[in-house]
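K.L.:
Test case, fold it:
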Amino acid sequence: MSSANPVRWEKSLTSGNEYLIEAVQIRRERTGVHAKVGLFLSNRLLGANNFNVERSDERIRLANQAHEGLPTVDQADYPKLHLRHDLDIFCLTLWQQYLEPLIATPVNGDSTSHPVEYLAEPFVIAGGGTIMFAPPGAGKSCTALLMAVSMDAGVSVLWPSKQKRVLFVNLERSALSVQRRLGCVNTALGLDPARPLLIQNARGKSLQDVRDITERSIQEHHVDVVVLDSISRAGMGDLNENRPVNAIIDTLNGLADTWLALAHTPRADASHAYGGIHFDAGADIMLQLLSSVAATSLGIGLRVTKANDIPKPPMKVYKYEFDDYGLTSAYPAHLADYPALAEGIQLGLADEMHAYLTNETGQATASQIAQELKKSRGHVVMTLRSDKRFSSRKEGREVFYSVPSSRAFPDL
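P.N.:
Just a heads-up that it's a prediction; the model follows:
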(Lines give C-alpha, C1' and ligand atoms only; values in the text may rest on other atoms or scores of the structure.)
Protein backbone atom coordinates (compact mmCIF):
# COMPACT_ATOMS: atom_id res chain seq x y z
CA MET A 1 0.00 0.00 0.00
CA SER A 2 1.39 3.36 -0.96
CA SER A 3 1.94 5.93 1.77
CA ALA A 4 0.53 8.37 -0.79
CA ASN A 5 -2.89 6.81 -0.18
CA PRO A 6 -4.58 9.22 2.23
CA VAL A 7 -6.41 8.41 5.44
CA ARG A 8 -9.38 10.79 5.87
CA TRP A 9 -11.98 11.79 8.45
CA GLU A 10 -14.88 14.13 7.63
CA LYS A 11 -17.47 16.06 9.59
CA SER A 12 -20.44 18.08 8.29
CA LEU A 13 -20.99 21.40 10.07
CA THR A 14 -24.43 23.02 10.45
CA SER A 15 -23.31 25.85 8.13
CA GLY A 16 -23.10 23.34 5.31
CA ASN A 17 -19.30 23.40 5.27
CA GLU A 18 -17.38 20.12 5.27
CA TYR A 19 -14.51 19.78 7.75
CA LEU A 20 -11.81 17.30 6.70
CA ILE A 21 -8.70 15.82 8.30
CA GLU A 22 -6.34 14.12 5.84
CA ALA A 23 -3.04 12.30 6.42
CA VAL A 24 -0.52 11.24 3.77
CA GLN A 25 3.11 10.07 3.83
CA ILE A 26 2.26 7.86 6.80
CA ARG A 27 5.26 5.96 8.12
CA ARG A 28 6.59 4.47 11.33
CA GLU A 29 9.98 5.83 12.36
CA ARG A 30 12.14 5.14 15.39
CA THR A 31 10.50 7.94 17.36
CA GLY A 32 6.92 7.03 16.50
CA VAL A 33 4.32 7.38 13.74
CA HIS A 34 4.89 10.35 11.42
CA ALA A 35 2.60 11.79 8.74
CA LYS A 36 1.77 14.93 6.81
CA VAL A 37 -1.59 15.99 8.29
CA GLY A 38 -3.79 18.66 6.74
CA LEU A 39 -7.01 20.20 8.06
CA PHE A 40 -9.46 21.59 5.49
CA LEU A 41 -12.79 23.39 5.39
CA SER A 42 -14.64 22.77 2.11
CA ASN A 43 -11.29 22.26 0.29
CA ARG A 44 -9.71 25.36 1.90
CA LEU A 45 -6.55 24.56 3.86
CA LEU A 46 -6.77 25.61 7.51
CA GLY A 47 -3.40 24.21 8.61
CA ALA A 48 -0.90 21.44 7.92
CA ASN A 49 2.18 19.88 9.45
CA ASN A 50 4.50 16.95 8.79
CA PHE A 51 5.16 15.64 12.29
CA ASN A 52 5.15 12.88 14.88
CA VAL A 53 1.41 12.45 15.35
CA GLU A 54 1.93 10.93 18.80
CA ARG A 55 3.17 14.27 20.19
CA SER A 56 0.33 16.16 21.88
CA ASP A 57 1.99 19.60 21.67
CA GLU A 58 2.23 19.31 17.87
CA ARG A 59 -1.44 18.30 17.65
CA ILE A 60 -2.53 21.19 19.88
CA ARG A 61 -0.68 23.76 17.76
CA LEU A 62 -2.19 22.38 14.57
CA ALA A 63 -5.71 22.30 16.07
CA ASN A 64 -5.42 25.88 17.34
CA GLN A 65 -4.21 27.08 13.92
CA ALA A 66 -7.09 25.33 12.17
CA HIS A 67 -9.74 26.62 14.57
CA GLU A 68 -8.55 30.21 14.13
CA GLY A 69 -9.11 29.82 10.37
CA LEU A 70 -12.75 28.79 10.75
CA PRO A 71 -15.51 31.32 10.01
CA THR A 72 -17.17 32.73 13.15
CA VAL A 73 -20.31 30.69 12.62
CA ASP A 74 -18.30 27.45 12.40
CA GLN A 75 -16.16 28.37 15.43
CA ALA A 76 -19.35 28.62 17.47
CA ASP A 77 -20.71 25.36 16.06
CA TYR A 78 -17.39 23.51 16.43
CA PRO A 79 -15.60 24.60 19.65
CA LYS A 80 -11.83 24.43 19.83
CA LEU A 81 -11.88 21.66 22.44
CA HIS A 82 -14.07 19.49 20.19
CA LEU A 83 -11.77 20.08 17.22
CA ARG A 84 -8.74 19.16 19.34
CA HIS A 85 -10.47 16.00 20.55
CA ASP A 86 -11.31 14.86 17.01
CA LEU A 87 -7.76 15.55 15.82
CA ASP A 88 -6.37 13.62 18.82
CA ILE A 89 -8.52 10.58 18.07
CA PHE A 90 -7.65 10.74 14.36
CA CYS A 91 -3.90 10.93 15.01
CA LEU A 92 -3.77 8.33 17.78
CA THR A 93 -5.66 5.79 15.65
CA LEU A 94 -3.94 6.77 12.39
CA TRP A 95 -1.52 3.85 12.21
CA GLN A 96 -4.33 1.39 12.83
CA GLN A 97 -6.44 3.03 10.10
CA TYR A 98 -3.49 3.01 7.72
CA LEU A 99 -2.93 -0.72 8.22
CA GLU A 100 -6.62 -1.63 8.09
CA PRO A 101 -6.56 -2.64 4.37
CA LEU A 102 -3.76 -5.10 5.19
CA ILE A 103 -5.76 -7.16 7.68
CA ALA A 104 -5.61 -10.90 6.96
CA THR A 105 -8.52 -12.42 5.05
CA PRO A 106 -9.16 -15.94 3.74
CA VAL A 107 -7.89 -16.32 0.17
CA ASN A 108 -8.75 -19.23 -2.11
CA GLY A 109 -5.83 -20.70 -3.99
CA ASP A 110 -5.92 -20.29 -7.78
CA SER A 111 -2.96 -21.27 -9.94
CA THR A 112 -4.51 -20.70 -13.36
CA SER A 113 -6.62 -17.54 -13.57
CA HIS A 114 -3.79 -14.99 -13.22
CA PRO A 115 -0.73 -16.05 -15.23
CA VAL A 116 2.41 -13.95 -15.00
CA GLU A 117 2.16 -10.97 -17.36
CA TYR A 118 5.38 -9.77 -18.95
CA LEU A 119 5.73 -6.08 -19.84
CA ALA A 120 9.26 -6.45 -21.24
CA GLU A 121 9.76 -10.19 -21.50
CA PRO A 122 11.48 -11.72 -19.60
CA PHE A 123 12.93 -8.83 -17.57
CA VAL A 124 9.92 -6.84 -16.30
CA ILE A 125 6.73 -8.43 -15.01
CA ALA A 126 3.45 -6.69 -14.22
CA GLY A 127 3.16 -6.03 -10.50
CA GLY A 128 6.83 -6.76 -9.88
CA GLY A 129 10.08 -4.92 -9.28
CA THR A 130 13.30 -5.40 -11.26
CA ILE A 131 16.77 -4.24 -10.22
CA MET A 132 19.27 -4.10 -13.08
CA PHE A 133 22.88 -3.88 -11.91
CA ALA A 134 26.30 -3.41 -13.53
CA PRO A 135 29.49 -1.35 -13.04
CA PRO A 136 29.50 2.31 -14.16
CA GLY A 137 29.75 2.79 -17.92
CA ALA A 138 28.49 -0.69 -18.81
CA GLY A 139 25.31 0.43 -20.55
CA LYS A 140 22.64 0.35 -17.81
CA SER A 141 21.08 3.74 -18.54
CA CYS A 142 20.92 3.11 -22.27
CA THR A 143 19.33 -0.30 -21.70
CA ALA A 144 16.85 1.07 -19.16
CA LEU A 145 15.76 3.79 -21.59
CA LEU A 146 15.35 1.17 -24.33
CA MET A 147 13.11 -0.84 -21.99
CA ALA A 148 11.17 2.25 -20.92
CA VAL A 149 10.42 3.35 -24.49
CA SER A 150 9.66 -0.22 -25.59
CA MET A 151 6.98 -0.53 -22.88
CA ASP A 152 5.66 3.00 -23.34
CA ALA A 153 5.32 2.56 -27.11
CA GLY A 154 4.47 -1.15 -27.04
CA VAL A 155 7.23 -2.06 -29.51
CA SER A 156 8.94 -5.46 -29.47
CA VAL A 157 12.13 -4.83 -31.44
CA LEU A 158 14.34 -6.11 -28.61
CA TRP A 159 11.96 -7.94 -26.28
CA PRO A 160 8.21 -8.72 -26.41
CA SER A 161 6.59 -5.66 -24.79
CA LYS A 162 3.12 -4.60 -23.71
CA GLN A 163 2.15 -0.96 -23.94
CA LYS A 164 1.98 0.73 -20.56
CA ARG A 165 2.36 4.32 -19.37
CA VAL A 166 5.98 4.74 -18.20
CA LEU A 167 7.64 7.39 -16.04
CA PHE A 168 11.43 7.66 -16.28
CA VAL A 169 12.87 9.25 -13.10
CA ASN A 170 16.28 10.71 -13.96
CA LEU A 171 18.42 11.52 -10.93
CA GLU A 172 21.77 11.02 -12.66
CA ARG A 173 22.13 13.16 -15.80
CA SER A 174 21.31 16.52 -17.28
CA ALA A 175 17.95 17.03 -18.95
CA LEU A 176 19.70 17.80 -22.24
CA SER A 177 21.66 14.55 -22.09
CA VAL A 178 18.53 12.49 -21.48
CA GLN A 179 16.66 14.28 -24.25
CA ARG A 180 19.46 13.47 -26.69
CA ARG A 181 19.53 9.85 -25.57
CA LEU A 182 15.76 9.58 -25.95
CA GLY A 183 15.97 10.74 -29.55
CA CYS A 184 18.67 8.14 -30.24
CA VAL A 185 16.71 5.36 -28.51
CA ASN A 186 13.54 6.26 -30.43
CA THR A 187 15.49 6.06 -33.69
CA ALA A 188 17.07 2.72 -32.75
CA LEU A 189 13.60 1.30 -32.07
CA GLY A 190 12.22 2.55 -35.39
CA LEU A 191 10.14 5.33 -33.83
CA ASP A 192 9.89 9.04 -34.56
CA PRO A 193 12.99 10.58 -32.95
CA ALA A 194 10.75 13.27 -31.40
CA ARG A 195 8.35 10.78 -29.78
CA PRO A 196 7.84 11.92 -26.17
CA LEU A 197 8.37 9.90 -22.99
CA LEU A 198 7.22 11.04 -19.55
CA ILE A 199 10.47 12.01 -17.80
CA GLN A 200 11.12 13.54 -14.40
CA ASN A 201 14.49 15.31 -14.55
CA ALA A 202 15.92 15.86 -11.06
CA ARG A 203 19.68 15.67 -11.38
CA GLY A 204 21.31 16.54 -8.06
CA LYS A 205 18.23 15.52 -6.08
CA SER A 206 17.56 12.27 -4.25
CA LEU A 207 14.56 9.98 -4.54
CA GLN A 208 13.66 11.08 -1.03
CA ASP A 209 13.69 14.73 -2.16
CA VAL A 210 11.40 14.21 -5.16
CA ARG A 211 9.09 11.55 -3.80
CA ASP A 212 6.12 13.91 -3.36
CA ILE A 213 6.28 15.32 -6.87
CA THR A 214 6.91 11.82 -8.27
CA GLU A 215 3.71 10.59 -6.64
CA ARG A 216 1.86 13.56 -8.08
CA SER A 217 3.24 12.86 -11.56
CA ILE A 218 2.19 9.22 -11.29
CA GLN A 219 -1.34 10.16 -10.29
CA GLU A 220 -1.80 12.94 -12.84
CA HIS A 221 -0.45 10.91 -15.78
CA HIS A 222 -1.88 7.51 -14.74
CA VAL A 223 1.56 5.90 -14.75
CA ASP A 224 1.80 2.09 -14.80
CA VAL A 225 5.58 1.61 -14.65
CA VAL A 226 8.34 3.64 -12.95
CA VAL A 227 11.95 3.41 -14.16
CA LEU A 228 14.51 4.85 -11.71
CA ASP A 229 18.04 5.92 -12.61
CA SER A 230 19.35 5.20 -10.05
CA ILE A 231 19.16 3.58 -6.60
CA SER A 232 22.49 5.15 -5.62
CA ARG A 233 20.68 8.54 -5.55
CA ALA A 234 17.94 7.34 -3.19
CA GLY A 235 19.22 9.53 -0.34
CA MET A 236 17.95 7.22 2.38
CA GLY A 237 21.23 6.24 4.03
CA ASP A 238 24.08 3.75 3.76
CA LEU A 239 23.15 1.08 1.21
CA ASN A 240 25.08 -1.51 3.22
CA GLU A 241 22.60 -1.17 6.09
CA ASN A 242 19.27 -2.98 6.14
CA ARG A 243 17.00 -0.07 7.11
CA PRO A 244 17.88 2.22 4.13
CA VAL A 245 17.65 -0.68 1.68
CA ASN A 246 14.22 -1.66 3.00
CA ALA A 247 13.14 2.00 2.83
CA ILE A 248 14.16 2.17 -0.85
CA ILE A 249 12.27 -1.01 -1.72
CA ASP A 250 9.23 0.21 0.23
CA THR A 251 9.35 3.56 -1.59
CA LEU A 252 9.55 1.92 -5.02
CA ASN A 253 6.70 -0.46 -4.16
CA GLY A 254 4.70 2.52 -2.91
CA LEU A 255 5.25 4.53 -6.08
CA ALA A 256 4.11 1.89 -8.55
CA ASP A 257 3.10 -1.76 -8.72
CA THR A 258 5.67 -2.27 -11.48
CA TRP A 259 9.14 -0.72 -11.41
CA LEU A 260 12.63 -1.03 -12.83
CA ALA A 261 15.55 0.47 -10.88
CA LEU A 262 19.24 0.71 -11.77
CA ALA A 263 21.98 -0.16 -9.31
CA HIS A 264 25.76 -0.06 -9.36
CA THR A 265 28.02 -2.92 -8.33
CA PRO A 266 30.87 -2.95 -5.81
CA ARG A 267 34.15 -1.92 -7.42
CA ALA A 268 35.80 -5.27 -6.74
CA ASP A 269 32.85 -7.56 -7.53
CA ALA A 270 30.39 -7.08 -10.40
CA SER A 271 28.36 -10.20 -9.63
CA HIS A 272 25.80 -8.46 -7.41
CA ALA A 273 24.29 -5.05 -6.71
CA TYR A 274 26.05 -2.76 -4.26
CA GLY A 275 24.29 -2.72 -0.91
CA GLY A 276 22.47 -4.98 1.51
CA ILE A 277 21.08 -8.40 0.74
CA HIS A 278 17.57 -6.98 1.09
CA PHE A 279 17.81 -5.62 -2.46
CA ASP A 280 17.79 -9.24 -3.62
CA ALA A 281 15.00 -10.07 -1.20
CA GLY A 282 12.85 -7.07 -2.15
CA ALA A 283 13.08 -7.30 -5.93
CA ASP A 284 11.15 -9.87 -7.95
CA ILE A 285 13.87 -9.95 -10.61
CA MET A 286 17.58 -9.25 -10.20
CA LEU A 287 19.04 -8.55 -13.64
CA GLN A 288 22.79 -8.52 -14.22
CA LEU A 289 24.00 -6.52 -17.21
CA LEU A 290 27.26 -7.66 -18.79
CA SER A 291 29.00 -5.85 -21.63
CA SER A 292 31.83 -6.45 -24.07
CA VAL A 293 33.35 -4.44 -26.91
CA ALA A 294 33.80 -5.92 -30.39
CA ALA A 295 34.96 -3.66 -33.23
CA THR A 296 32.53 -0.70 -33.40
CA SER A 297 29.70 -2.26 -31.40
CA LEU A 298 28.90 -2.95 -27.79
CA GLY A 299 27.62 -6.37 -26.80
CA ILE A 300 25.10 -6.43 -23.95
CA GLY A 301 24.25 -9.57 -22.03
CA LEU A 302 21.22 -9.59 -19.72
CA ARG A 303 21.25 -12.40 -17.18
CA VAL A 304 18.51 -13.00 -14.62
CA THR A 305 20.23 -13.97 -11.36
CA LYS A 306 17.05 -14.13 -9.24
CA ALA A 307 13.40 -14.48 -10.22
CA ASN A 308 10.08 -14.80 -8.40
CA ASP A 309 7.19 -16.63 -10.08
CA ILE A 310 9.06 -17.19 -13.36
CA PRO A 311 11.76 -19.63 -14.48
CA LYS A 312 15.22 -18.15 -14.95
CA PRO A 313 15.65 -17.58 -18.68
CA PRO A 314 18.96 -18.07 -20.49
CA MET A 315 21.11 -14.98 -20.93
CA LYS A 316 19.90 -12.72 -23.74
CA VAL A 317 22.46 -10.91 -25.91
CA TYR A 318 22.02 -7.63 -27.79
CA LYS A 319 24.16 -5.53 -30.11
CA TYR A 320 24.32 -1.74 -29.71
CA GLU A 321 25.94 0.46 -32.37
CA PHE A 322 26.91 4.10 -31.89
CA ASP A 323 28.07 7.17 -33.74
CA ASP A 324 29.33 10.52 -32.42
CA TYR A 325 25.83 11.46 -31.23
CA GLY A 326 25.01 8.24 -29.41
CA LEU A 327 23.07 5.04 -30.02
CA THR A 328 22.13 4.39 -33.65
CA SER A 329 20.82 0.83 -33.59
CA ALA A 330 20.02 -1.99 -31.18
CA TYR A 331 18.96 -5.51 -32.00
CA PRO A 332 19.23 -9.10 -30.70
CA ALA A 333 22.61 -10.78 -31.19
CA HIS A 334 24.32 -14.09 -30.47
CA LEU A 335 26.81 -15.17 -27.85
CA ALA A 336 29.22 -16.09 -30.61
CA ASP A 337 29.48 -12.39 -31.51
CA TYR A 338 30.76 -11.56 -28.03
CA PRO A 339 32.70 -14.52 -26.59
CA ALA A 340 33.65 -12.55 -23.46
CA LEU A 341 29.99 -12.65 -22.42
CA ALA A 342 29.92 -16.42 -22.81
CA GLU A 343 32.87 -16.65 -20.44
CA GLY A 344 30.82 -14.86 -17.80
CA ILE A 345 32.94 -11.70 -17.67
CA GLN A 346 30.75 -9.09 -16.03
CA LEU A 347 32.34 -6.22 -17.92
CA GLY A 348 34.83 -6.39 -20.76
CA LEU A 349 38.26 -5.28 -19.57
CA ALA A 350 38.36 -2.37 -22.01
CA ASP A 351 34.98 -1.13 -20.79
CA GLU A 352 35.95 -1.62 -17.16
CA MET A 353 39.10 0.43 -17.65
CA HIS A 354 37.14 3.02 -19.65
CA ALA A 355 34.66 3.39 -16.79
CA TYR A 356 37.46 3.56 -14.21
CA LEU A 357 39.37 6.30 -16.06
CA THR A 358 36.24 8.25 -16.91
CA ASN A 359 34.50 8.10 -13.55
CA GLU A 360 37.31 7.73 -11.05
CA THR A 361 40.77 9.09 -11.84
CA GLY A 362 40.90 10.72 -15.26
CA GLN A 363 44.34 9.23 -15.86
CA ALA A 364 46.45 6.37 -14.47
CA THR A 365 49.40 4.15 -15.34
CA ALA A 366 48.92 0.56 -16.46
CA SER A 367 50.24 -0.64 -13.11
CA GLN A 368 47.79 1.53 -11.20
CA ILE A 369 44.89 0.32 -13.32
CA ALA A 370 45.89 -3.33 -12.94
CA GLN A 371 46.23 -2.97 -9.17
CA GLU A 372 42.91 -1.14 -8.76
CA LEU A 373 40.92 -3.49 -10.99
CA LYS A 374 42.82 -6.59 -9.85
CA LYS A 375 43.78 -7.58 -13.40
CA SER A 376 46.93 -8.87 -15.06
CA ARG A 377 49.22 -5.95 -15.92
CA GLY A 378 50.16 -7.60 -19.22
CA HIS A 379 46.50 -7.94 -20.21
CA VAL A 380 45.88 -4.31 -19.19
CA VAL A 381 48.81 -3.01 -21.28
CA MET A 382 47.78 -5.04 -24.32
CA THR A 383 44.19 -3.73 -24.10
CA LEU A 384 45.29 -0.12 -23.61
CA ARG A 385 47.51 -0.28 -26.68
CA SER A 386 44.96 -2.00 -28.92
CA ASP A 387 41.82 -0.03 -28.03
CA LYS A 388 41.61 3.32 -29.82
CA ARG A 389 39.50 4.85 -27.06
CA PHE A 390 42.59 5.24 -24.84
CA SER A 391 45.34 7.80 -25.30
CA SER A 392 48.76 7.85 -23.62
CA ARG A 393 51.08 10.54 -22.30
CA LYS A 394 54.66 9.95 -21.18
CA GLU A 395 55.92 11.74 -18.10
CA GLY A 396 59.50 10.79 -17.30
CA ARG A 397 59.63 7.03 -17.20
CA GLU A 398 55.90 6.67 -16.53
CA VAL A 399 53.17 6.33 -19.18
CA PHE A 400 49.76 7.69 -18.21
CA TYR A 401 46.58 6.60 -19.98
CA SER A 402 43.33 8.54 -20.26
CA VAL A 403 40.10 8.71 -22.25
CA PRO A 404 39.79 11.60 -24.76
CA SER A 405 36.59 13.62 -24.70
CA SER A 406 35.34 12.06 -27.97
CA ARG A 407 34.41 8.51 -27.08
CA ALA A 408 33.30 5.57 -29.18
CA PHE A 409 30.28 4.90 -26.97
CA PRO A 410 29.14 8.19 -25.45
CA ASP A 411 27.07 8.39 -22.29
CA LEU A 412 26.13 4.82 -21.58
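
K.L.:
Could you list the low-pLDDT ranges of the stretch 101-250 of the chain?
P.N.:
In the predicted model, the stretch 101-250 of the chain carries pLDDT under 70 at residues 111-113.

K.L.:
Outline the domain layout of the protein.
P.N.:
Structural domains annotated on the chain: 7-102, 118-342, 349-402, as defined by automatic domain parsing.

K.L.:
neighbours around Asn43, how many?
P.N.:
8 (other C-beta atoms under 10 Å). C-beta: built from backbone N, CA, C; applies to glycine.

K.L.:
Same check on the one 10 residues further on?
P.N.:
As a burial measure, the neighbour count of Val53 was computed by other C-beta under 10 Å and equals 26.

K.L.:
Single out the most deeply packed of the domains of the chain.
P.N.:
domain 118-342 (a mean of 19; mean count of other C-beta atoms under 10 Å).

K.L.:
quick one: that one to chain centroid distance?
P.N.:
The gap between where domain 118-342 is centred and where its chain is centred comes out at 8 Å by C-alpha atoms, centre = their mean, to the nearest Å.

K.L.:
What separation do you get for Ala283 and Arg61?
P.N.:
Note on Ala283: its distance to Arg61, by C-beta to C-beta, to the nearest Å, is 41 Å.

K.L.:
JSON lines please, covering the domains of the chain and showing distance to Gly109.
P.N.:
Shown next, in JSON lines, are the domains of the chain (distance: least, C-beta to C-beta, whole Å):
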{"stretch": "domain 7-102", "distance to Gly109": "20"}
{"stretch": "domain 118-342", "distance to Gly109": "14"}
{"stretch": "domain 349-402", "distance to Gly109": "47"}
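
K.L.:
mind checking which of these is nearest Asp110?
P.N.:
Nearest to Asp110, of all the domains of the chain, is domain 118-342, at 13.8 Å by C-beta to C-beta.

K.L.:
now the end-to-end length of stretch 135-145.
P.N.:
End-to-end span of stretch 135-145 (C-alpha to C-alpha, to the nearest Å): 17 Å.

K.L.:
Tell me where the model's unsure across the stretch 301-412 of the chain.
P.N.:
342-348, 355, 358-361, 405-412.

K.L.:
residue contacts, the spatially most central residue of the chain?
P.N.:
The centre of the chain sits closest to Leu228, judged by C-alpha atoms, centre = their mean, with a distance of 2.4 Å. Contacts for Leu228 were tallied using C-beta atoms under 8 Å, 6 or more residues apart in numbering; they are 169, 171, 207, 252, 259-262.

K.L.:
Filter the residues you listed down to the ones in helices?
P.N.:
Judged by DSSP state H, helices contain the following of these: 207, 252.
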